[in-house]
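Trainee: sequence first, predicted model second:
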Amino acid sequence: MADYDSGSTGVGKLHISFAKPDDLVTTSNVEMPQLGHKYQPKRTHKSKLQQYDDFKYQMDKLMQGRKRVNNDDYNEYLSKVSHSLGKKVVTLKTAIYTGHYLKENGITIVNFHDQRHWQYLKDYAVFKAERDKNPNAYGKELSKLRKRVSAKTGISEETLKGQKYEYKWQAEHDNQ
C-alpha cells in the first residue's frame, strides 16, 4: 500500500492507491451479505426486551425461586450472568435489569444486618408463640419454657430472660 523506505534523496517514497493490497484476506461475494454494492455486516442486535428476557432466564436459573438473597450472593450471580451474556456487571446493576427483575419477582436483597434482624424476628416469633401458650408461667414452668425455646432456636436461656425477648413480650402482653 505504501512504501516507506527512504530513497536516494532521504525522503520516503509514498505510494497510496485505492486498489486492494495483495496481503488483505477477503471473503468471496457469496459469503458476504450485500446490499447493492455496499458490504453490510450481519448484525445480531437484540431488542431491549430480548436482552432482558435473556437476563431474566439466567437469573431464574441461579435464584431457583428464592425470594431473599444475600447481597454477596446476588453480586456473584450478576457476575456469572454478565459472563454468559457478554455484558458488564455495571450494566446489569441498572434499573433496567436488576431493578425491574427484583420488582417483578418480589425479591429482596439483604445485607448482614438485615439477616440478623430477620433471624431475631423469627426467633422472637417462636418465643412469643410458646409464651402465649403459657402466659402465666413463672419459676420452674418458665424455666422449662425457656429450655424448649432454646432447643428450637439455639439461643441461650439467659438471653431469653432479657430485654429483647421476655421484657418485650411482657410489654406487648400488658398492652393487649
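Mentor: Arrived safely, thanks for sending. Numbering: from 1, shown residues only.
Trainee: which other helices and strands contact the longest helix seen in the chain?
Mentor: Criterion DSSP state H: the longest helix present in the chain is helix 112-133. Applying 3 or more CB pairs under 8 Å, 6 or more residues apart in numbering; DSSP states H and E, one finds that helix 112-133 contacts helix 140-153, helix 168-175. For the C-beta atoms, the positions are set from N, CA and C on the backbone; glycine is no exception.
Trainee: how is this protein partitioned into domains?
Mentor: As given by automatic domain parsing, the domain ranges for the chain are 48-110, 113-167.
Trainee: tabulate these (a markdown table), appending mean pLDDT and mean neighbour count.
Mentor: Shown next, in a markdown table, are these (pLDDT from 0 to 100; neighbours: other CB atoms under 10 Å):
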| stretch | mean pLDDT | mean neighbour count |
| --- | --- | --- |
| domain 48-110 | 88 | 14 |
| domain 113-167 | 87 | 14 |
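Trainee: how about these in TSV, adding distance to N175?
Mentor: Below are the domains of the chain laid out as TSV (distance: least, CB to CB, whole Å):
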stretch	distance to N175
domain 48-110	29
domain 113-167	13
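Trainee: ranges for the strands of the chain?
Mentor: Here the chain has its strands, by DSSP state E, at 34-35, 38-39, 68-70, 108-110.
Trainee: mind listing residues that contact stretch 160-174?
Mentor: 120, 124, 127-128, 131, 135, 146, 149-150, 155, 159 (CB atoms under 8 Å, 6 or more residues apart in numbering).
Trainee: distance from the chain centre to stretch 61-79, please.
Mentor: 5 Å (CA atoms, centre = their mean, to the nearest Å).
Trainee: my bad, stretch 97-104
Mentor: 10 Å.
Trainee: give me the contacts around that stretch.
Mentor: 52, 55-56, 59, 78, 91-92, 107-109.
Trainee: those: which two are farthest apart?
Mentor: By the measure CB to CB, T91 and T108 form the most distant pair in these, at 22.2 Å.
Trainee: what sits closest to the spatially most central residue of the chain if chain neighbours are left out?
Mentor: What sits nearest the mean C-alpha location of the chain, by CA atoms, centre = their mean, is Y74, with 3.1 Å. Leaving aside its sequence neighbours, Y74 sits nearest to I109 (CB to CB, 6 or more residues apart in numbering; 5.3 Å).
Trainee: okay but that neighbour is in contact with K67, surely?
Mentor: No - if you go by CB atoms under 8 Å, I109 and K67 don't touch, sitting 10.7 Å apart.
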